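Chemist: 3D, please:
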Amino acid sequence: MKVQLRELAHARSGDKGDTANIGLIALDPKHYPVLVREVTAERVKAHFAGICEGEVERFELPNLGALNFLLHQSLGGGGTLSLRTDPQGKTLSAALLRMEIEIEDQR
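Modeler: Numbers count the residues shown, from 1 in each chain. Coordinates of the predicted model:
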């Protein structure tokens, strides 16, 4: 069954220059393996098509039950250069939480 990530995780985002940084943290440790399996760098890149023009890197943080993503070339040059509404990428975490993933039916 499909669910949005917001059902399983919370997220924070920010920036460093033209790179957005999104942390995705499992709400329950049992959800972390699902996040690792379903939320790949490729799927995040596809989810942010039209926003992220560069590479997406994923880092696994199992001791925190979290994944960290770097979305290169996604902020229009960064905070002081960008003409985008959100040049620091603060809203990108909310956008990621709308991504749908497959999970086993819990019924």
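
Chemist: use CA for all of it now, contacts and neighbours both
Modeler: Noted.

Chemist: Low-confidence bits of the chain, can you list those?
Modeler: 76-90, 105-107 (pLDDT under 70).

Chemist: do that again at 90, thanks
Modeler: Scanning the chain for pLDDT under 90 picks out 13-18, 51, 74-91, 104-107.

Chemist: Now do the helices in it.
Modeler: Taking DSSP state H to define them, one finds helices in the chain at 32-38, 41-47, 92-97.

Chemist: So for Gly54, which of those sits nearest?
Modeler: helix 41-47 (8.6 Å; Cα to Cα).

Chemist: just checking, what packs against the closest one?
Modeler: When contacts are defined as 3 or more Cα pairs under 8 Å, 6 or more residues apart in numbering; DSSP states H and E, helix 41-47 packs onto strand 56-61.

Chemist: The strand it packs on - which strands sit beside it in the sheet, and in what orientation?
Modeler: In the sheet, strand 56-61 lines up against strand 66-71 (antiparallel) (DSSP bridges).

Chemist: For the strand it pairs with, buried residues please.
Modeler: 66-71 (16 or more other Cα atoms under 10 Å).

Chemist: Which of these sits closest to Gly23?
Modeler: Closest to Gly23, out of all of the buried residues of strand 66-71 and judged by Cα to Cα, is Asn68, at 4.4 Å.

Chemist: That closest one contacts Val44, correct?
Modeler: No. If you go by Cα atoms under 8 Å, Asn68 and Val44 don't touch, sitting 11.1 Å apart.

Chemist: and the closest residue to Ala26 other than its chain neighbours, what does it touch?
Modeler: In space, and not counting its chain neighbours, Ala26 is closest to Ala9: 4.3 Å by Cα to Cα, 6 or more residues apart in numbering. Contact analysis of Ala9 by Cα atoms under 8 Å, 6 or more residues apart in numbering lists 24-28, 97.

Chemist: cool, and Arg58?
Modeler: 40-41, 67-70.

Chemist: Can you tell me how far Leu27 is from Thr19?
Modeler: According to Cα to Cα, to the nearest Å, Leu27 and Thr19 sit 25 Å apart.

Chemist: Which one's more surrounded, those two?
Modeler: Counted by other Cα atoms under 10 Å, Leu27 and Thr19 do not tie: Thr19 has more neighbours, with 24 against 16.

Chemist: No further queries at this time; thank you.
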